[in-house]
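Visitor: Prediction below, plus the sequence it came from.
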Amino acid sequence: MHGHPLRPLLCLVLLAACVAAQAGDDDAKGTYALFFGAPGGTVTVPAPGIADDCPAITVELRFKSLAKLPGSTPVVARWAAGAKDPDRGTFSLSVGPGEVTFDLWSAAGKLKTIRAHASCKDGAWHHVAAVWDGKEATVYLDGKRTGGEKLQGFGPLASSKLPLVIGASPDPKKRPKGCFEGFLSDVAIWNVARDADAIAASAKAPLAGNEAGLAAFFPLREHASASTVKSLVGAACEGELTPALARVGWCRTPWWFEERPDRPWVHLFAYDLSADPGVGRASRRILVGNESHGEPGVLWQDESTHKVHVTWVDASLESCRTVDLGGMEGGTLAAGTADPKGNLYYLMIESRARGGDDDASLRASLYLAAADGKPLRETALDTSKEKVNMIGYAGRWSGSMAVSKGTGCMILPRQMHRSQDGLQHQSAIAASFGPDLSGFQVIGPTSSHSFGNLLTVNSTGEFIGLDLGDNFPRGLHLHRLSRGSLESSVIFTYKTAHSMDPGNGYPAYPEISGKGRTFYKWSNDNETYTELGGVVETKSSYEVVFATDRSPDGKVLDCSRIGVAGEPRDLAMLKVVKEFGRGGDSTQVDDSLMSGLPRGSTSESGGYFNFVGKWVPQRITGVQWLTHHAVGEAAHAPQPVRRKDGSLLILWEKSGPGGESLWATTVDESGKKPAESVDLGIELRLVPEGVPLRVADRVFTLALDGSGGTRLCFVRDE
């Protein structure tokens, strides 16, 4: 039997195309896609290279919707904004609930609409193609013909000078309620009619960009955010993004050519606040909101000038503005928040070097300013030994602040005046104040040192706080605060580094000694081996999220594992009863503090010898481990968000041998079924101990890029 002489050559061509496509896929992995959801936006291409009088045309694209389509929405069009415009355009391709629509405008001034059935799964990539060959219009979905119509005598398509528009309709009156909530990619315009085999091939493999008849091709895949996109065909073919789309439209999502393209995912968007006017190099950043205007913002202090500012981002996400605020000259921004009207409350503390015998009070003042920066009030705090009791504030410390129902509250770590033992101890206090800064009142101590703290507000307007105490008692503290009361419990505790010096004759601690190290039965450990996440309220409990060290065999309280390189740090969650005050300052956490013990949760007992050699027993219970990291892997800066569907979304950083990246974990409403953790492939660092901010259907948090620039990140939650 004789073979066809062209088959070997055809096989080589197909093999080369497959190799090129694979190389393109590999290069595209890890790129950002372009999301066209609310507030909407377009890519405008002034010179798309479409032939005059269009004897034939093919339009192709891929889309992935994240929500039910609200109505027929144009996604690629060369179409007039108004029906009376002399240049009506050429075509419009729309997607909607259960259909794809292809509109054509002929040179003779005739309009024809082709409607084709299309059943599309939300969250999955689909390939759409529409073809006009001069006699027939045909629509394809995922490589298969879904509709068409013969149009005898319709004639060539109209010539047009209008731009090609990718995204929402250029006519606001024609947009359906809501927007197309999804991604578009691989937008291709052809000056030829492609046949069914070619369309089927395009649905399975990416275009190379050099195919005959291809007028414009926009993959819409970028390695970084961009305000313009270039066609792979035609040197002058370039598209410009509208401001909001350029700022926040680029987002990581699984591509259609990747393994498991429909795998669980969390879409994290980011607004770059580093550009002027915006958040510059800041020594402190605090997320705030102006609920009345639907605006998120950042209260921040410039690290070089020490001036305090607030940067507001408008609700459309198109622009931001920075407002200068008053404050203590050269002082440190210690804490801040905003009320629903955007009025800003913030605390500044004097910055100065102290001598060894210096026991003088630091100056501290509370400030109140309007959202536009207008000063409203300033109150100096009494930092004497009898009141706030503060001589030092620096280093690892930061404060937290919140307002609710006309009351402000804060947690403030500080170094205190010299006590009777001659030492200047460290401790954190809680304090409250009125809406006009009057009635400042110290409520009481929260923990020693407070190496990490945060404040939020529960459904009844009470303040709920978390902080990390290194001693007296040693553990993660949960607080309920009001204008005149403080209720606290230790809900988790951690290992302790014992001294390797006998000190005042303390005995050796052989049970944890070994490998050339001898520990003694006393300690003065300022480390907590734990990072705060947040606290989220449910109907019956508070879900507390944090990251903490855990040995490879699952131990938290193993005091022999101090200074061990690559100790795993895992993501953990507790479900604490709402009436948690019964636990007090005991480091032996009782089961009764937990709102049920989830299946697979763990308990562990241990203890340590404190500063004076006294044994302090410890116990943890009810811990639900959300990760199981190997040596060298660690979770950092977790931030939990309660979604409208009741589930808990946790954003967190993961570090390890493979590098650093943001990850996401979702826990169902019961808190018992954590979903698969997702590597978002984004190299951002979350600003720790921040409380995520909900503004309408977006939940915001703060992150830093590799150069220290500030990103206002958000997830959509409708």
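Guide: Perfect, I can see it now.
Visitor: Next, count neighbours for Gly289.
Guide: As a burial measure, Gly289 scores 20 neighbours (other CB atoms under 10 Å). (Each C-beta comes from the backbone N, C-alpha and C, glycine too.)
Visitor: Quickly list what the nearest residue to it once chain neighbours are set aside is bridged to.
Guide: Nearest residue to Gly289 in three dimensions, chain neighbours excluded: Leu693, at 4.8 Å (CB to CB, 6 or more residues apart in numbering). As for beta bridges, Leu693 partners with Phe700 under DSSP bridges.
Visitor: so what's Leu693 up against?
Guide: 287-289, 296, 699-701 (CB atoms under 8 Å, 6 or more residues apart in numbering).
Visitor: With Lys112 instead?
Guide: Contacts of Lys112 (CB under 8 Å, 6+ apart): 103-104, 106, 137, 149, 151, 154.
Visitor: re the thing from before, so which of the contacts of Leu693 is the most crowded?
Guide: Most neighbours among those, by other CB under 10 Å: Pro296, with 28 neighbours.
Visitor: Assign it to helix, strand or coil.
Guide: Assigned by DSSP: H, G, I helix; E, B strand; the rest coil, the conformation of Pro296 is strand.
Visitor: Please report how far it lies from Ser274.
Guide: Remark: distance between Pro296 and Ser274 (CB to CB, to the nearest Å) = 16 Å.
Visitor: circling back: same list, the contacts of Leu693, but as JSON lines with pLDDT please.
Guide: Below are the contacts of Leu693 laid out as JSON lines (pLDDT from 0 to 100):
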{"residue": "Leu287", "pLDDT": "97"}
{"residue": "Val288", "pLDDT": "98"}
{"residue": "Gly289", "pLDDT": "97"}
{"residue": "Pro296", "pLDDT": "97"}
{"residue": "Val699", "pLDDT": "96"}
{"residue": "Phe700", "pLDDT": "97"}
{"residue": "Thr701", "pLDDT": "97"}
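Visitor: can you map out the helices along this structure?
Guide: Ranges of helices in the chain, per DSSP state H, are 7-28, 196-204, 243-248.
Visitor: Those helices: lowest mean pLDDT?
Guide: For the helices of the chain, the weakest mean pLDDT is recorded on helix 7-28, namely a mean of 40.
Visitor: what's across from the nearest residue to Gly326 once chain neighbours are set aside in the sheet?
Guide: Excluding its sequence neighbours, the residue lying closest to Gly326 (CB to CB, 6+ apart) is Pro375, at 5.0 Å. For Pro375, the beta-bridge partners are Ala369 (DSSP bridges).
Visitor: Now do the contacts for Pro375.
Guide: With CB under 8 Å, 6+ apart, Pro375 has these contacts: 325-326, 367-369.
Visitor: Which ChimeraX command selects the buried ones in the residues you listed?
Guide: Restricted to buried positions by 16 or more other CB atoms under 10 Å, the ChimeraX selection for the contacts of Pro375 reads:
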select :325,367,368,369
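Visitor: how about the contacts of Pro375 in JSON lines, adding pLDDT and distance to Pro568?
Guide: Output for the contacts of Pro375, formatted as JSON lines (pLDDT from 0 to 100; distance: CB to CB, whole Å):
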{"residue": "Leu325", "pLDDT": "98", "distance to Pro568": "42"}
{"residue": "Gly326", "pLDDT": "97", "distance to Pro568": "46"}
{"residue": "Tyr367", "pLDDT": "98", "distance to Pro568": "43"}
{"residue": "Leu368", "pLDDT": "98", "distance to Pro568": "45"}
{"residue": "Ala369", "pLDDT": "98", "distance to Pro568": "44"}
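Visitor: Any chance of the contacts of Pro375 in JSON lines with distance to Ala637 as columns?
Guide: Putting the contacts of Pro375 into JSON lines (distance: CB to CB, whole Å) gives the following:
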{"residue": "Leu325", "distance to Ala637": "26"}
{"residue": "Gly326", "distance to Ala637": "31"}
{"residue": "Tyr367", "distance to Ala637": "28"}
{"residue": "Leu368", "distance to Ala637": "30"}
{"residue": "Ala369", "distance to Ala637": "29"}
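Visitor: so, if you compare the contacts of Pro375, which one comes nearest to Ser513?
Guide: Minimum distance to Ser513 across those is 51.9 Å, recorded for Tyr367 (CB to CB).
Visitor: The closest one against Gly326, yeah?
Guide: Yes - if you go by CB atoms under 8 Å, Tyr367 and Gly326 touch, sitting 6.6 Å apart.
Visitor: Common neighbours of these two, please.
Guide: Going by CB under 8 Å, 6+ apart, residues that sit against Tyr367 and also against Gly326 are 375, 378.
Visitor: Strands of the stretch 1-150 of the chain, start to end?
Guide: 33-35, 42-45, 57-65, 73-79, 89-96, 99-105, 111-117, 126-132, 136-141, 144-150 (DSSP state E, counting those that start in this stretch).
Visitor: Next one: the spatially closest residue to Ser65 that is not a sequence neighbour from Thr228, what distance?
Guide: Closest residue to Ser65 apart from its sequence neighbours, by CB to CB, 6+ apart: Gly182 at 3.7 Å. From Gly182 across to Thr228, the span is 22 Å (CB to CB).
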